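In: Sequence and predicted model, in that order:
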Amino acid sequence: MEQPTAMNTLSQILEKLRLKGKDNELKISDHGKMQSKSLGKIYSPEDLTIVKTYRFEGDSDPADNSVLYLVEDQEKNIGYILDAYGIYSDNEGPAFDDFLKKIPTENRDEQELFC
């Protein structure tokens, strides 16, 4: 039986998502909703569940700090939302943070998500 390998970098997790066909990035739209261009869907917070959160901190460069949220929609599609910490965030204004706060959260095991 193959032993799972630890995923501890952002690029490792994004590559694993890509290999599993789950590399659907969601970004906040001008209308305050999340949009997945690869799935062609637009989501409200109640349409999603955050199933895993990863935090990454650079050793010496604060610009390397980021958060990766793995989300699942009501049809069981897995996607992700990527954000940098603080002033390095690509998401200006309160809409992004307000949206994230409204998404229900459940913490799932990596093996369940990447099987």
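Out: Noted; the coordinates are in hand. What you see is a predicted model; the values in this text were computed from it and never measured.

In: what number of residues lie near the spatially closest residue to Tyr43 that is not a sequence neighbour?
Out: Spatially, and ignoring its direct neighbours in sequence, Tyr43 is nearest to Met34 (4.5 Å; CB to CB, 6 or more residues apart in numbering). (C-beta placed from N, C-alpha, C; glycine too.) Neighbour count for Met34, taken as other CB atoms under 10 Å: 24.

In: Does Met34 touch Ile42 like I think?
Out: Yes - using CB atoms under 8 Å, Met34 is in contact with Ile42, at 7.2 Å.

In: how about the strands in this protein?
Out: Listed in chain order, the strands of the chain (DSSP state E) span residues 26-28, 34-36, 41-43, 48-56, 66-73, 78-84.

In: closest to Ile103 out of these?
Out: strand 48-56 (5.1 Å; CB to CB).

In: The closest one to strand 66-73, inter-axis angle?
Out: Relative orientation of strand 48-56 versus strand 66-73 (axes from the mean of the first three to the mean of the last three CA atoms, to 10 degrees): 160 degrees.

In: So which bits of strand 48-56 are buried?
Out: Residues of strand 48-56 classed as buried: Leu48, Thr49, Ile50, Val51, Lys52, Tyr54, Phe56 (neighbour count, 16 or more other CB atoms under 10 Å).

In: Nice, that's everything, thank you.
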